[in-house]
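S.K.: coordinates only, sequence not included:
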């Protein structure tokens, strides 16, 4: 597959990125404009999926901003293609672009469940809630064929291991047969991200994610099955989606969500340039206002990566969004904080080769 650095706006069917600049670690790649699609016809770019043999799976963090200290990622890159995704810069570590490559050149880890089982079986392992979907979506379209997320869930079920899942994908409904029994034991919670109720805006901003109404239907399906669900109104985009905050929370509550959360739009590293390209193409009349508001919350910069500031910004506008969120949650009966998942049920199932007990 030839890498293309686009220097002019190009229409690309069902893709959010307008460019594919080299990743910051890919110093040897030549930037070439091949001239495709200049006639205005949308270019269809196929998705490429490569397989990676994982040596380890559980990643640990010490961030005080996060309610978990460990996570797994069955996939690298995400075909949902959300233009604002804060995980895009991670693709640069693979020598790929955080732009178009992130949504078209994916990596799957087919042995993830096997590695997860091995890591959970280690005698030194100490149980705590495991997060999935905090970087790239485990229920993106390729999961339908790969089944890696489902295999990992089967392992977590076998170990009675608590898990918190974040997704936009309706495919999570496929795994209700695993999630519902785990939920009955207090072992699982799902967060469904709904950024806007405007179907047209959603299709342009997150082109291959399920439409908002479909995600709300997923919340309903999970809730009806007894799986606790959080509606995640993230990211809040100042001047574009912020006016929908209360409506989003109300829609989530009506669908059966029992909790809610929010995060302000984050623009780390390459995401800022990609986002500004998208603004110029799709909402040019609002671009200056949106960026001015973001910079106002980050001390004049596009993004402030400091712990305690990066998720929500600071200043009068950020405080106002927080107050609106709290008031709406109180009115709708949505929890901002939920009880911890159970860790006391964790046990290592018998493994092949284990010596059987005599009694």
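M.R.: On my side now, so go ahead. On a predicted model such as this, the values are computed, not experimentally measured, just so you know.
S.K.: Every contact and neighbour count from this point should use C-alpha atoms.
M.R.: Fine.
S.K.: Shouldn't residue 189 be within a strand?
M.R.: Yes: checked against DSSP: H, G, I helix; E, B strand; the rest coil, residue 189 lies within a strand.
S.K.: partners of it in the sheet?
M.R.: With DSSP bridges as the criterion, residue 189 is bridged to residue 164.
S.K.: hang on, isn't it packed against residue 229?
M.R.: Yes: counting by Cα atoms under 8 Å, residue 189 does reach residue 229; the two are 6.0 Å apart.
S.K.: neighbour-wise, which of the two wins?
M.R.: residue 229 (28 against 23; other Cα atoms under 10 Å).
S.K.: For that one, report the pLDDT, please.
M.R.: pLDDT recorded at residue 229 is 98.
S.K.: do residue 34 as well
M.R.: Residue-level pLDDT assigned to residue 34 equals 30.
S.K.: same deal with residue 128?
M.R.: So, for residue 128, pLDDT stands at 97.
S.K.: Once you drop chain neighbours, what's closest to it?
M.R.: Leaving aside its sequence neighbours, residue 128 sits nearest to residue 343 (Cα to Cα, 6 or more residues apart in numbering; 6.3 Å).
S.K.: Determine the number of other residues adjacent to the one you found.
M.R.: Residues near residue 343, counting by other Cα under 10 Å: 17.
S.K.: Residue 163 is in contact with that one, correct?
M.R.: No: using Cα under 8 Å, residue 343 makes no contact with residue 163, being 9.9 Å away.
S.K.: Overlap of the contact sets of the two?
M.R.: 129, 187 (Cα atoms under 8 Å, 6 or more residues apart in numbering).
S.K.: residues shared between the contacts of residue 189 and residue 229?
M.R.: With the criterion set as Cα under 8 Å, 6+ apart, the contacts of residue 189 and residue 229 do not overlap.
S.K.: Mind telling me what element the residue nearest to residue 128 is part of?
M.R.: Using DSSP states H and E, residue 343 sits within no helix or strand.
S.K.: show me the contacts for it.
M.R.: Contacts of residue 343 (Cα under 8 Å, 6+ apart): 127-129, 161-162, 187.
S.K.: Which helix runs longest in the protein?
M.R.: helix 316-332 (DSSP state H).
S.K.: now that helix, how far from the centre of its chain.
M.R.: 23 Å (Cα atoms, centre = their mean, to the nearest Å).
S.K.: which other residues reach that helix?
M.R.: The contact list for helix 316-332 (Cα under 8 Å, 6+ apart) reads 242, 245-246, 249-250, 253, 260, 262, 293, 297, 312, 335-336.
S.K.: Out of these, which end up buried?
M.R.: Taking 16 or more other Cα atoms under 10 Å as the criterion, what is buried in the contacts of helix 316-332 is 242, 245-246, 249-250, 253, 260, 262, 293, 297, 312, 335.
S.K.: Show me which of those is closest to residue 106.
M.R.: residue 262 (27.4 Å; Cα to Cα).
S.K.: any idea which element the closest one lies in?
M.R.: strand 259-264.
S.K.: by contact count, what packs against whichever helix or strand comes after that strand?
M.R.: Note on strand 259-264: by DSSP H and E, the next helix or strand toward the C-terminus is helix 271-282. With contacts defined as 3 or more Cα pairs under 8 Å, 6 or more residues apart in numbering; DSSP states H and E, helix 271-282 has these neighbours: helix 287-297.
S.K.: angle of the helix it packs on against strand 259-264?
M.R.: Computed by axes from the mean of the first three to the mean of the last three Cα atoms, to 10 degrees, the angle separating helix 287-297 from strand 259-264 equals 100 degrees.
S.K.: and for helix 287-297, what are the contacting residues?
M.R.: 237-240, 265, 276, 279-280, 301-303, 313-315, 317-318.
S.K.: If we use 7 Å, what do you get?
M.R.: Contact partners of helix 287-297, identified using Cα atoms under 7 Å, 6 or more residues apart in numbering, comprise 238-239, 279-280, 301-302, 313-315, 318.
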